[in-house]
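Asker: Just the structure for this:
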Amino acid sequence: MSFGSRAWYKFKKEREDRTRSHYDEWEEDIIRYITAEKASSEPFIWRTQKELCEAVGMAQSTLNEVLKRSKQLVKTVTGKGRGAKTGWTTVKLFIQYAMELVNSAKATYRQQLIQVVKDWTEELEVVAGYESLMIYLEALYFKESPPTTHVHRIRGSS
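Answerer: As a prediction, the model looks like this:
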């Protein structure tokens, strides 16, 4: 006698065939909307809950439930009452924005450092260590790894 693996399986209907959507589908809709509306100069889009719900086509109670369950959405509120602003973003977009700021700050710092080094190197006298210093600094300008330099130690020092 063979029993096989026959079991009843409940399948998920297509979204268009259902009257209600799953929370993860609503979350995907919100993420798609935020990604499309986000400006590159700021990580948040500023909308009221009502505006966001109307844009996505969902009830406010559903939005609140999605926010409770979501691990991808980020919400911030500044101010109180009628004058309050609500900012919406995703974790991915926020991290992306933060990395852009870090890279921008690094580039600015690097440019300032190069300018300081250029100003000081104009004042240096050409002596024994001048050439190796210039090779090292030139490598830094062009983002290459600096050449390895041999350290000459004085006898008796460790």
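Asker: What is the host helix or strand of Ala55 packed up against?
Answerer: Here Ala55 sits within helix 49-56, counting by DSSP states H and E. If you count contacts as 3 or more CB pairs under 8 Å, 6 or more residues apart in numbering; DSSP states H and E, helix 49-56 packs onto helix 23-37, helix 60-69, strand 85-90. (C-beta placed from N, C-alpha, C; glycine too.)
Asker: if we go to 6 Å?
Answerer: When contacts are defined as 3 or more CB pairs under 6 Å, 6 or more residues apart in numbering; DSSP states H and E, helix 49-56 packs onto helix 23-37, helix 60-69.
Asker: Which of the residues in the last one are classified as buried?
Answerer: If I follow you right, that is helix 60-69. 63, 66 (16 or more other CB atoms under 10 Å).
Asker: quick one: low-confidence parts of the protein?
Answerer: 1-6, 11, 13, 15-21, 125-126, 141-158 (pLDDT under 70).
Asker: Tell me where it has strands.
Answerer: Using DSSP state E, the strands found in the chain span residues 45-46, 73-78, 85-90.
Asker: Reformat these as a markdown table; add distance to Trp120.
Answerer: A markdown table is the format used below for the strands of the chain (distance: least, CB to CB, whole Å):
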| stretch | distance to Trp120 |
| --- | --- |
| strand 45-46 | 46 |
| strand 73-78 | 44 |
| strand 85-90 | 43 |
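Asker: what's the angle from the helix holding Ala55 to helix 60-69?
Answerer: Taking axes from the mean of the first three to the mean of the last three CA atoms, to 10 degrees, one finds helix 49-56 and helix 60-69 inclined to each other by 100 degrees.
Asker: Enumerate the positions of helix 49-56 that are buried.
Answerer: In helix 49-56, counting by 16+ other CB under 10 Å, buried: 52-53, 55-56.
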